[in-house]
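Trainee: Compute the structure for the input listed below.
(one chain, ligands or ions: 2)
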Amino acid sequence: YSPSEVDVIFVLGGPGSGKGTQCAKLVSQYGFVHLSAGDLLRAEQNKPGSEVGELIKNYIKEGLIVPQEITIGLLKDAIVENFNKGNKKFLIDGFPRKMDQAVSFEQLIVQSKSVLYFECTEKIMLDRLLERGKTSGRIDDNVESIKKRFRTFTDTSYPVIEKFNEEGKVIKVFCGDPVDKVYSHVVDELKKRSI
Ligand code: UP5
Ligand code: MG
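Mentor: Numbers count the residues shown, from 1 in each chain. Ligands and ions are numbered 1, 2, ... in the order given. Next up is the predicted model:
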């Protein structure tokens with residue numbers, strides 16, 4: 001594994017802002033590897049015999065941030081595994097969401113190139129998540145958990161985006177429009193930066 005050969009874009013935004021949806025489109029057009037920290041945590045939670053499964057479940061249900069050692073370990077394994085297969089461009093979705101994670105990841109794994117930040121109102125995100133909750137089976141797609149997720153985003157995760165903004169890395173995109181319109185803004189912004 002060689003960090004200098006790896007490109008990482010962090011994809012951030014509140015719960016239901018459309019991170020996963022937009023990443024899927026970027027994967028098909030640009031060939032990024034999409035790693036969702038939330039998906040990796042849910043997969044670990046469901047692994048039979050996982051020592052941290054129960055802990056992850058409780059954190060997710062409460063909308064709290066799982067201790068960084070666990071998440072960074074899962075991300076590092078996934079990055080190295082893909083790197084060994086020749087994949088070197090990554091979208092890291094929903095991570096980092098706390099300052100300590102941002103610092104550790106960039107020290108231990110690789111510096112991010114840029115940060116795609118999706119912003120819209122909580123009302124829009126709430127409606128999307130409640131709609132998805134009818135079929136998603138996600139233990140955090142209910143009003144009580146969603147409120148806690150919003151709170152954690154505002155108090156703990158947004159300051160990380162501000163830090164990246166001070167470093168000039170943030171590409172902010174309004175995500176309240178239909179999927180394809182949001183995506184065309186994403187593509188325009190990436191082109192502007194020759195990504
Ligand atoms: N949808 C999407 N875009 C739309 C659009 N433009 N117009 C209309 N509808 C749109 O989209 C959500 C829903 O909206 C979908 O039904 C979609 O069709 C529709 P999605 O693309 O899934 O949004 P996303 O931003 O990915 O929402 P998600 O719920 O995944 O965001 P979260 O950040 O809340 O969830 P995540 O999986 O990243 O994390 C879950 C939990 O894991 C966290 O709360 C935390 O407890 C834990 N976690 C950590 O502890 N550490 C980490 O590093 C990461 C996660
Ligand atoms: Mg997601």
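Trainee: Contact partners for the residue of the chain found nearest ligand 2?
Mentor: At 3.4 Å from ligand 2, residue 20 is the closest residue in the chain, using Cβ to the ion. All C-beta spots, glycine's among them, are computed from the backbone N, C-alpha and C. Residue 20 sits next to 36, 39, 93 when contact means Cβ atoms under 8 Å, 6 or more residues apart in numbering.
Trainee: What about these, which one has the most neighbours?
Mentor: When neighbours are counted by other Cβ atoms under 10 Å, residue 93 leads these with 24 neighbours.
Trainee: Would you confirm that it contacts residue 32?
Mentor: No: using Cβ atoms under 8 Å, residue 93 is not in contact with residue 32, being 10.2 Å away.
Trainee: intersection of neighbour lists for these two?
Mentor: Shared contacts of residue 93 and residue 32, defined by Cβ under 8 Å, 6+ apart, are found at residue 23.
Trainee: Quick check: end-to-end length of stretch 161-175?
Mentor: 16 Å (Cα to Cα, to the nearest Å).
Trainee: Sorry, slip of the keys, the one I care about is stretch 10-27.
Mentor: For stretch 10-27, the end-to-end distance is 14 Å (Cα to Cα).
Trainee: Give me the buried positions along it.
Mentor: If you call a residue buried by 16 or more other Cβ atoms under 10 Å, then stretch 10-27 has these buried ones: 10-20, 22-23, 25-26.
Trainee: Restrict the residues you listed to those that also contact ligand 1, please.
Mentor: Among these, proximity to ligand 1 is found for 13, 15-20 (Cβ under 6 Å from any ligand atom).
Trainee: any idea which element the residue of the chain closest to ligand 2 lies in?
Mentor: For residue 20, the element it lies in under DSSP states H and E is helix 19-30.
Trainee: Closest to the centroid, which residue in the chain?
Mentor: Nearest to the mean C-alpha position of the chain, by Cα atoms, centre = their mean, lies residue 94 at 1.6 Å.
Trainee: Contact partners for it?
Mentor: Residue 94 sits in contact with 11-12, 19, 36-38, where contact means Cβ under 8 Å, 6+ apart.
Trainee: circling back to that earlier point, quick one: the residue of the chain closest to ligand 2 from residue 175, how far?
Mentor: Separation of residue 20 from residue 175 (Cβ to Cβ, to the nearest Å): 12 Å.
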